[in-house]
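*Asks:* Structure for this input, please:
(one chain, ligands or ions: 1)
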Amino acid sequence: MRLCDTQRSGNAWKVRLLAGLLGLDLPRTTLSIDKGNLRDPAFVKKHPLRQVPILELDDGQTVSESMAILFYLSAGTPFWPTDTLTQARVLTWLSFEQALHMRPLAQLRLHLSLRRDRQPDDLDMRACRADAEEALTLLDDQLGRQGKSGWIATADRPSIADVALYPYTRMAPLGGLNLDAFPNLAPWLAQIERLPGYQPLFPGRPELNLSTHEI
Ligand SMILES: N[C@@H](CCC(=O)N[C@@H](CS)C(=O)NCC(=O)O)C(=O)O
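*Replies:* Alright, predicted model coming up:
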């Protein structure tokens, strides 16, 4: 298996994080959005969604979309629970991540820190900020309900819901959001970072989790 990613993709970070937590060696093919690799005709022909992450299987088949890849890699491991109700709860939070959480947080980071092509007061950025704050509030409330040292969807161990929600929450300050306003987020982020096999955004460089540059 091989992961097709870019250096700063939060969606690909989810996959590398899970691979690390599972102790799975997952070689990477790292492309660059800035250099136009994802618009290259050969890439588009193979991957019509034009997005990373993509998991390439040994027989040439591929799995797209971070949630699908997390499911594929976690099936049969402790990160994908076995009982149906808990599986449903994990899916609830994966859906939350895709529908309400990832997009506003990713847009704020992209436009205010990576591309720097918008101002925080621009109408679209203000709308993203309101959506992002709402998503972080919902996440914070859920962690409050789960109790101290709790996980998002499961009682006593992390699941792929925690993996999916980690990267864009961790990088939220790049979108101008102050995580101190959400008391349950910092302990949960720290709890993930203490897990054996934790992977930062840039391998071996946790101090660069909020870096805005490719290295
Ligand atoms: N829903 C997708 C979103 C994937 C996505 O947005 N990928 C970004 C990088 S984080 C991308 O490939 N963007 C292509 C571009 O900006 O041209 C997932 O969860 O995997």
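*Asks:* What segments of the protein are strands?
*Replies:* Here the chain has its strands, by DSSP state E, at 2-6, 28-31, 54-56, 62-64.
*Asks:* Quick check: which of those is nearest to P41?
*Replies:* Closest to P41 of the strands of the chain is strand 28-31 (CB to CB; 13.8 Å). No exception for glycine: its C-beta is placed from N, CA and C like everyone else's.
*Asks:* now what about that closest one, what contacts it?
*Replies:* Residues external to strand 28-31 that are found in contact with it (CB atoms under 8 Å, 6 or more residues apart in numbering): R2, L3, C4, D5, T6, Q7, R16, N37, L38, F43, V52, E56.
*Asks:* swap the cut-off to 10 Å and go again
*Replies:* Residues outside strand 28-31 that contact it (CB atoms under 10 Å, 6 or more residues apart in numbering): 2-7, 9, 12, 15-16, 19, 37-38, 40, 43, 52-54, 56, 203, 214.
*Asks:* about what we covered before: could you export the strands of the chain as TSV, including mean neighbour count and distance to H47?
*Replies:* Putting these into TSV (neighbours: other CB atoms under 10 Å; distance: least, CB to CB, whole Å) gives the following:
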stretch	mean neighbour count	distance to H47
strand 2-6	20	8
strand 28-31	16	10
strand 54-56	21	6
strand 62-64	15	7
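*Asks:* Compare those strands and give me the one nearest T92.
*Replies:* The closest of the strands of the chain to T92 is strand 62-64. By CB to CB, the value is 21.4 Å.
*Asks:* could the strands of the chain be laid out in CSV, adding mean pLDDT and distance to A75?
*Replies:* Output for these, formatted as CSV (pLDDT from 0 to 100; distance: least, CB to CB, whole Å):
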stretch, mean pLDDT, distance to A75
strand 2-6, 97, 17
strand 28-31, 96, 21
strand 54-56, 96, 13
strand 62-64, 96, 12
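*Asks:* Looking at those strands, which is nearest to the ligand?
*Replies:* strand 2-6 (6.2 Å; CB to the nearest ligand atom).
*Asks:* just the contacts of strand 28-31 that are near the ligand?
*Replies:* For the ligand, the contacts drawn from those by CB under 6 Å from any ligand atom are S9, L38, V52, P53.
*Asks:* Looking at those residues, which two lie furthest apart in space?
*Replies:* Farthest-apart pair in those is L38 and P53; separation 11.5 Å (CB to CB).
*Asks:* L49: what's it in contact with?
*Replies:* If you count contacts by CB under 10 Å, 6+ apart, L49 has them with L38, S64, E65.
*Asks:* Who is T30 paired with across the strands?
*Replies:* With DSSP bridges as the criterion, T30 is bridged to D5.
*Asks:* still on that earlier bit, overlap of the contact sets of L38 and P53?
*Replies:* By CB under 10 Å, 6+ apart, L38 and P53 have these common neighbours: C4, T6.
*Asks:* who has more neighbours, these two?
*Replies:* P53 (24 against 18; other CB atoms under 10 Å).
*Asks:* to the chain's geometric centre, what's the distance from the helix or strand of the chain with the lowest mean pLDDT?
*Replies:* One helix or strand of the chain scores below all others by mean pLDDT, DSSP states H and E: helix 41-46, with a mean of 89. Here helix 41-46 shows a centroid-to-chain-centroid distance of 24 Å under the convention CA atoms, centre = their mean, to the nearest Å.
*Asks:* try stretch 207-215
*Replies:* Going by CA atoms, centre = their mean, where stretch 207-215 is centred and where its chain is centred differ by 15 Å.
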